[in-house]
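Enquirer: Here is a sequence with its predicted model. Questions after.
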Amino acid sequence: MQGGCTFRAGPSNDHVTTIASDPAWLAHRYDPAQDAVHFRQTPREAHGRATFLTDEYLGAASPTVMARAQAVTQAGPQAPLHFVLHSAFCCSTLLARAFDAPGLAMGLKEPVILNDLIGWQLRGGDGRQIAAVLDGVLTLLARPFAPGEAVVIKPSNVVNAMAPLMLQLRPQARALLLHAPLRVFLGSVARKGMDGRIWVRELLLKQLRQGLHVFGFAGEDYLGQTDLQVAAMGWLAQHALFARLAAQFGPQVATLDSETLMARPDKAMAALCRLFGVPLDVPAVVKGPIFSSHSKFGQAFTAEDRAAERAAEAAHADEIEKVAVWAEAVAKAAGVPLHLPRPLLP
């Protein structure tokens, strides 16, 4: 586990009750060796400033460590819990920010504790133990900052493999399955240069171990693929998962692509509010800073800025198109629909 924290057993019952029931103490990390949760003090305004709920953005802090079972028992009332599941580079952070609405909802942006469970799973953790811990972790993440608020979790996309279990554990939860269209996703990877190309290969390694690739390729086949082909395969694996989630969970989920979201933000946000049961002031959200600033860096970001950003993809246009056509053929052979069922908007 990252962080080098040492388990400190036996905090007082009053201390446990105070921290475990207070959402300002974020359930930040999980240590399976000690079956312990690391809490760090993270007030609401710190959530607003942080791009993601990682130490990189939250800053250094000394955690309070307590036994998971004890913390879950003392967690207190639960908020309605919903999810924005995404395949990366598709405005998911923007949506999480939109649900930071005091009195109505709180959006949690990629809580690391869920990544810890994925890491435990990839190291061979027992599935039944992981499921029990996940149930408790969701309880701790669902503590409302104010009475009547919902909690909307936007996990890291590596957590998608755990989505079926999360939705089974929380049948009242609703999930938006958000993606960028294939060519848009490939363009995002291409313009990120080496960082983007390394990231898609790291994602592929995790997805292979999670059993998400059912396309008939062997490991050596992936070694022979270009970086953008690997990116396309990662996208297809998540797209196939989203299609299975839509078939399995029906009205519990809805699907949306980033281009539709940005072209029709008012209708998309209104439909998403209905799905989650959160009555945001949609016109104010759409006209406000959330939709007019960069979701990760905070500066003003207009439609013209978005178009200029995509102009940087021109040098990769030939490769993007060839890989997209190839990936569409792979999808057809594997029976993966390029247009997902259960669209949020008709």
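Expert: Nice, I can see it. Numbers count the residues shown, from 1 in each chain.
Enquirer: The helix or strand hosting S188 packs against which elements?
Expert: In this assignment (DSSP states H and E), S188 forms part of helix 182-191. In this structure, helix 182-191 packs against helix 193-209, helix 227-249, helix 303-311, helix 317-334, with contacts taken as 3 or more C-beta pairs under 8 Å, 6 or more residues apart in numbering; DSSP states H and E. Just so you know, the C-beta spots here come from the backbone N, C-alpha and C atoms, and that holds for glycine as well.
Enquirer: Can you tell me which of those helices is nearest to A173?
Expert: helix 227-249 (9.6 Å; C-beta to C-beta).
Enquirer: For the closest one, which residues meet the burial criterion?
Expert: Under the neighbour-count criterion of 16 or more other C-beta atoms under 10 Å, helix 227-249 has 227-243, 245-246, 249 buried.
Enquirer: Over to stretch 62-79?
Expert: Taking 16+ other C-beta under 10 Å as the criterion, stretch 62-79 shows P63, T64, V65, M66, A67, R68, Q70, A71, V72, Q74, A75, A79 as buried.
Enquirer: can you name the two of those that are farthest apart?
Expert: The distance between the two most remote of those (C-beta to C-beta) is 24.2 Å, for V65 and A79.
Enquirer: Mind putting the helices and strands packed on helix 182-191 into CSV with distance to A88?
Expert: Shown next, in CSV, are the helices and strands packed on helix 182-191 (distance: least, C-beta to C-beta, whole Å):
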stretch, distance to A88
helix 193-209, 8
helix 227-249, 8
helix 303-311, 16
helix 317-334, 15
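Enquirer: mean pLDDT for these: which is lowest?
Expert: Ranked on mean pLDDT, the bottom entry among these is helix 303-311, at a mean of 71.
Enquirer: who does it touch, helix- and strand-wise?
Expert: The contact analysis (3+ C-beta pairs under 8 Å, 6+ apart) places helix 303-311 against helix 182-191.
Enquirer: let's go with 10 Å and repeat that
Expert: Where contact means 3 or more C-beta pairs under 10 Å, 6 or more residues apart in numbering; DSSP states H and E, helix 303-311 is packed against helix 182-191, helix 258-263.
Enquirer: Stretch 209-227: how far from the chain's middle?
Expert: Put simply, stretch 209-227 sits 23 Å off its chain's centre (C-alpha atoms, centre = their mean, to the nearest Å).
Enquirer: Just the terminal-to-terminal distance for that stretch.
Expert: Here the two ends of stretch 209-227 are set 19 Å apart, with distance taken as C-alpha to C-alpha, to the nearest Å.
Enquirer: List the buried residues of that stretch.
Expert: Neighbour-count burial for stretch 209-227, counted by 16+ other C-beta under 10 Å, picks out Q210, L212, H213, F215, Y222, Q225, D227.
Enquirer: How about stretch 32-52?
Expert: So for stretch 32-52, counting by 16+ other C-beta under 10 Å, buried means 32, 34, 36-42, 46-47, 50-52.
Enquirer: out of the buried residues of stretch 62-79, which are inside helices?
Expert: Under the assignment DSSP state H, the buried residues of stretch 62-79 contribute R68, Q70, A71, V72 to helices.
Enquirer: Tell me the one among those residues nearest to A24.
Expert: The shortest approach to A24 among those belongs to A71, at 14.4 Å (C-beta to C-beta).
Enquirer: Quick check: closest non-adjacent residue to that closest one.
Expert: With sequence-adjacent residues excluded and distances taken as C-beta to C-beta, 6 or more residues apart in numbering, A71 is closest to A20, at 4.3 Å.
Enquirer: Isn't that neighbour up against R143?
Expert: Yes: counting by C-beta atoms under 10 Å, A20 does reach R143; the two are 8.4 Å apart.
Enquirer: what do these two both touch?
Expert: Here A20 and R143 share the contacting residues A27, A75, G76, scored by C-beta atoms under 10 Å, 6 or more residues apart in numbering.
Enquirer: quick check, nearest of the residues you listed to L169?
Expert: Nearest to L169 out of those is A75 (C-beta to C-beta; 14.7 Å).
Enquirer: ok, the closest one - contacts?
Expert: By C-beta under 10 Å, 6+ apart, the contact list for A75 reads T17, A20, S21, D22, P23, A27, G136, T139, L140, L141, A142, R143.
Enquirer: Greatest separation within the buried residues of stretch 32-52: which pair is it?
Expert: Taking C-beta to C-beta, the two most distant members of the buried residues of stretch 32-52 are Q34 and T51; they sit 29.1 Å apart.
Enquirer: ok so, going back, could you tell me which of the contacts of A75 belong to strands?
Expert: Of the contacts of A75, the ones assigned to strands by DSSP state E are A27.
Enquirer: Determine the set of other helices and strands touching the host helix or strand of K267.
Expert: Applying DSSP H and E as the criterion places K267 in helix 265-276. Taking 3+ C-beta pairs under 10 Å, 6+ apart as contact, the helices and strands that helix 265-276 lies on are strand 81-86, helix 92-98, strand 150-154, strand 175-179, strand 253-257, helix 258-263, helix 282-287.
Enquirer: Keeping just the C-alphas, turn the first one into CSV.
Expert: Yep, that's strand 81-86 we're talking about. Extracted in CSV, the C-alpha atoms of strand 81-86 (Å, rounded to 0.1, in the frame of the first residue of the first chain):
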residue,chain,number,x,y,z
LEU,A,81,-25.6,6.8,-3.8
HIS,A,82,-25.1,7.0,-7.5
PHE,A,83,-22.2,6.6,-10.0
VAL,A,84,-20.6,8.2,-13.0
LEU,A,85,-18.7,5.3,-14.6
HIS,A,86,-16.6,6.4,-17.6
